[in-house]
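Colleague: Please find the sequence and the predicted model below.
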Amino acid sequence: MESTVPTVDFSKLQGTLAERSAAVQDIGRICQNKGFFQLINHGINTGILRDALAAAAAFFDLPMEDMAGLVSDDITQPVRYSTFTELDGGEIKIRRHILKQYSYPLEEWIGKWPEKPWQYRSVPVSSSVRSSSSPATHHSIVERMAKYAAEVRRVVAEIVEAIAESLGLRRDYLRAQMEQGFEMMALNFYPPPPPSRDESFGGGGGTVVCCGEHTDYTLVTVLLASGHGLEELDREAAGSWRPVPHCAGGSLTVHVGNYLEVLSNGRYRAALHRVVMERGRGGGGGGGARVSIASLPSLAMDARVEVAEELVDARHPAAYRGSTLAEFIEFLSAGGNGGDFMENLKISGTEDQQ
Ligand SMILES: O=C(O)CCC(=O)C(=O)O
Ligand SMILES: [Fe+2]
């Protein structure tokens, strides 16, 4: 049993046959036992990670009225800003600001991404639509968020291939469907929670759950964060919360999402995770706010995700019903909760056979 957050060396997937096969086995074992890992040697330049986080932070630094224009009740909107608030010491505090934006295929959605601040959106150097307010010296650092989105896509494609292989499926099992698929990016901003006035916290300390426990409706999620605060439920360690350590320059964490749980017939279960911030200190390492970017890839809106038939036999009957992302969104739009949707997909009586 691993007592730390496991790491996967991405470069080994492009190594020799023996290295790749060992890495694929590792990924399979980790997905089965834990459902989450940190990715090292992923090849995404630290500058790109920093730029993406800085661009996200710049967005959340906008005056409220600029962000308020993106608020909508319609969860099918390709760009949507929302907040999660809580009552704290009699005052309403925003725990989490969220910007959700569709991000694949990039060319289709990028035109809808927020226009402010100018650093945020990709504007190719050669393009004539470059904002007139962008200083000339910054022309070479355009494409911040888009560059990151494209790099993550490359990493996700490789990981999904390795996961398919680890399940005994063809390496390209999901390739075509992924290429025709969909992705959303969730940009999160967590202000440091104020010190508690309650003396029982011993001088204003204590922690606050700023993003409650949940699983993601994706195949796999890739998370980039500016600081610590992410916790994953460790099934191997009697279901205790395992803090994910932060690496300077930006850490990438990967976790199994609900679609992979269905596809793998429950062999890889979706990772339950949350974000916890320290009162008065925050989760940004330097004591400030925390910024994160979750890349959430899935198949196309109308593609039915079902248990892979190769993973079904007499001892392992299909344990989940098939569903589409469109059905999931419809369920949420009607006021349903994501966890209930997943529960509804489970076929009762099959739990013990997986
Ligand atoms: O901020 C984080 O690290 C986690 C965010 C998250 O779980 C999500 O956006 O789904
Ligand atoms: Fe999440």
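Modeller: Perfect, thanks for sending it. Residues are numbered from 1 along each chain as shown. Ligands and ions are numbered 1, 2, ... in the order given.

Colleague: what about the strands in the stretch 201-350 of the chain?
Modeller: Under the criterion DSSP state E, counting those that start in this stretch, the stretch 201-350 of the chain contains strands at 207-214, 220-225, 230-234, 240-243, 251-256, 273-278, 290-298.

Colleague: cool, the stretch 51-200 of the chain as well?
Modeller: Using DSSP E, counting those that start in this stretch, strands in the stretch 51-200 of the chain cover 79-88, 91-104, 182-190.

Colleague: now, of those strands, which is deepest in the fold?
Modeller: Among the strands of the stretch 51-200 of the chain, the stretch with the highest mean neighbour count (mean count of other C-beta atoms under 10 Å) is strand 182-190, at a mean of 23. All C-beta atoms are positioned from the backbone trio N, CA, C, and that covers glycine.

Colleague: circling back to that earlier point, nearest to residue 95, out of the strands of the stretch 201-350 of the chain?
Modeller: strand 207-214 (4.1 Å; C-beta to C-beta).

Colleague: helices or strands up against that closest one?
Modeller: strand 79-88, strand 91-104, strand 182-190, strand 273-278 (3 or more C-beta pairs under 8 Å, 6 or more residues apart in numbering; DSSP states H and E).

Colleague: Next one: it, is it in contact with ligand 1?
Modeller: Yes - using C-beta under 6 Å from any ligand atom, strand 207-214 reaches ligand 1 at residue 211.

Colleague: Look at residue 123 and report its pLDDT.
Modeller: On the pLDDT scale, residue 123 is placed at 45.

Colleague: Give me the buried stretch members for stretch 34-44, please.
Modeller: Neighbour-count burial for stretch 34-44 flags 34-39, 42, 44 (criterion: 16 or more other C-beta atoms under 10 Å).

Colleague: that older thread, right, so of the helices and strands packed on strand 207-214, which gets closest to residue 326?
Modeller: The closest of the helices and strands packed on strand 207-214 to residue 326 is strand 182-190. By C-beta to C-beta, the value is 9.9 Å.

Colleague: Tell me, how many residues neighbour the nearest residue to residue 156 once chain neighbours are set aside?
Modeller: In this structure, residue 156 finds its nearest non-sequential neighbour in residue 297, 5.3 Å apart by C-beta to C-beta, 6 or more residues apart in numbering. For residue 297, the neighbour count with other C-beta atoms under 10 Å is 26.

Colleague: pLDDT score assigned to residue 297?
Modeller: At residue 297, pLDDT is 96.

Colleague: Could you check how far it is from residue 260?
Modeller: The span separating residue 297 from residue 260 equals 10 Å under the rule C-beta to C-beta, to the nearest Å.

Colleague: overlap in contacts of the two?
Modeller: Listed as contacting both residue 297 and residue 260 by C-beta atoms under 8 Å, 6 or more residues apart in numbering are 218-220.

Colleague: Show me just the buried residues among these.
Modeller: Among these, the ones that count as buried by 16+ other C-beta under 10 Å are 218-220.

Colleague: okay, these in CSV with pLDDT and distance to ligand 1 next?
Modeller: Compiled in CSV, these are given as follows (pLDDT from 0 to 100; distance: C-beta to the nearest ligand atom, whole Å):
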residue, pLDDT, distance to ligand 1
218, 95, 9
219, 96, 14
220, 98, 12
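
Colleague: Which single one of those is nearest to residue 211?
Modeller: Using C-beta to C-beta, residue 218 comes nearest to residue 211 of these, at 15.5 Å.

Colleague: packing partners for the helix ranked longest in the chain?
Modeller: Secondary structure assigned by DSSP state H gives helix 144-166 as the longest helix of the chain. With contacts taken as 3+ C-beta pairs under 8 Å, 6+ apart, helix 144-166 sits against helix 17-33, helix 46-60, strand 91-104, helix 106-109, helix 175-179, strand 182-190, strand 220-225, strand 290-298.

Colleague: burial count for residue 69?
Modeller: Neighbours around residue 69, by other C-beta under 10 Å: 11.

Colleague: Residue 340 now?
Modeller: 11.

Colleague: contacting residues for it?
Modeller: By C-beta under 8 Å, 6+ apart, the contact set of residue 340 is residue 331.

Colleague: number of nearby residues for residue 347?
Modeller: So residue 347, with other C-beta under 10 Å, has 12 neighbours.

Colleague: you'd agree it is up against residue 319?
Modeller: Yes - using C-beta atoms under 8 Å, residue 347 is in contact with residue 319, at 5.6 Å.

Colleague: Please name the bridge partners of residue 80.
Modeller: Beta-bridge partners for residue 80, by DSSP bridges, are residue 100.
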